[in-house]
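**Q** Below are the sequence and a predicted model for it; my questions follow.
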Amino acid sequence: MSYVSVQPGARKAFTLLELILVMVILSTVLAIAVPSLRGFFASRKINDVAEQMVTMTRYAKIQSISDSRSYLVNFDLHEGQYWVSAFDQNRDAVLENNFGKVHSIPSDIQMQFSDVPAEGGIYYLQFDPQGYTRACSVRLSDNKDNILELVCYSPSENFEIVEIDNDHARY
């Protein structure tokens, strides 16, 4: 029998062969997993845009009540932009905060409006000083067949996101 003696002060370590083997295994696992993650990030983009829009509608509703004036969430499809503005004395007032910032609609996301008024090519959701808006919906869809709707079921309710899957709504 042969014994391996360990000298005091000697350190144990991985061999180069062991390190290369671990790298090959990790590379193989990543090569298998990455293609399945492509759809995940594409569907996250539409979810992020929908959540941002719902946040803007809730902000507009709260501000319209607290400021006693109308607020609008505006959508300019021609320019691919959306933003919140205050509506006072027949004109829009630009907000001096992050909600007044103009956000871009990603080019791979299409929007359709149902019962949403438009003026000069700009669709808008209007919140009056009592916090009411009209019952309506905004449909977002992308190239990966992801469909989400921002829905307000009645004038006093908040907008919510509804996922549409093969023409069936999932809440």
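**A** Nice, I can see it.

**Q** C-alpha from now on. contacts and neighbour counts both.
**A** Noted.

**Q** Name the nearest residue to residue 126, sequence neighbours excluded.
**A** residue 72 (4.6 Å; C-alpha to C-alpha, 6 or more residues apart in numbering).

**Q** Which helix or which strand is home to the one you found?
**A** Per DSSP states H and E: residue 72 is located in strand 70-76.

**Q** With only the CA atoms kept, save that strand in CSV.
**A** Taking C-alpha atoms only, strand 70-76 is exported to CSV below (Å, rounded to 0.1, in the frame of the first residue of the first chain):
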residue,chain,number,x,y,z
SER,A,70,-58.4,66.8,-14.7
TYR,A,71,-55.4,64.7,-15.5
LEU,A,72,-54.7,62.9,-18.8
VAL,A,73,-52.7,59.9,-19.7
ASN,A,74,-51.8,60.6,-23.3
PHE,A,75,-50.8,58.1,-26.1
ASP,A,76,-49.3,59.4,-29.3
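
**Q** just use 20 as the starting number from now, easier for me
**A** Yep, numbering from 20; the last one is strand 89-95 now.

**Q** Mind listing the strands it pairs with, and their directions?
**A** If you go by DSSP bridges, strand 89-95 pairs up with strand 100-107 (antiparallel), strand 141-146 (antiparallel).

**Q** Please work out which residues outside that strand touch it.
**A** 75-76, 79-80, 82-83, 100-107, 140-148 (C-alpha atoms under 8 Å, 6 or more residues apart in numbering).

**Q** Check which residues of it are buried.
**A** 89-95 (16 or more other C-alpha atoms under 10 Å).

**Q** Any chance of a markdown table for those, columns pLDDT and distance to residue 130?
**A** Listed next are the buried residues of strand 89-95 as a markdown table, based on pLDDT from 0 to 100; distance: C-alpha to C-alpha, whole Å:
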| residue | pLDDT | distance to residue 130 |
| --- | --- | --- |
| 89 | 92 | 24 |
| 90 | 93 | 21 |
| 91 | 92 | 17 |
| 92 | 93 | 14 |
| 93 | 93 | 13 |
| 94 | 95 | 9 |
| 95 | 95 | 10 |
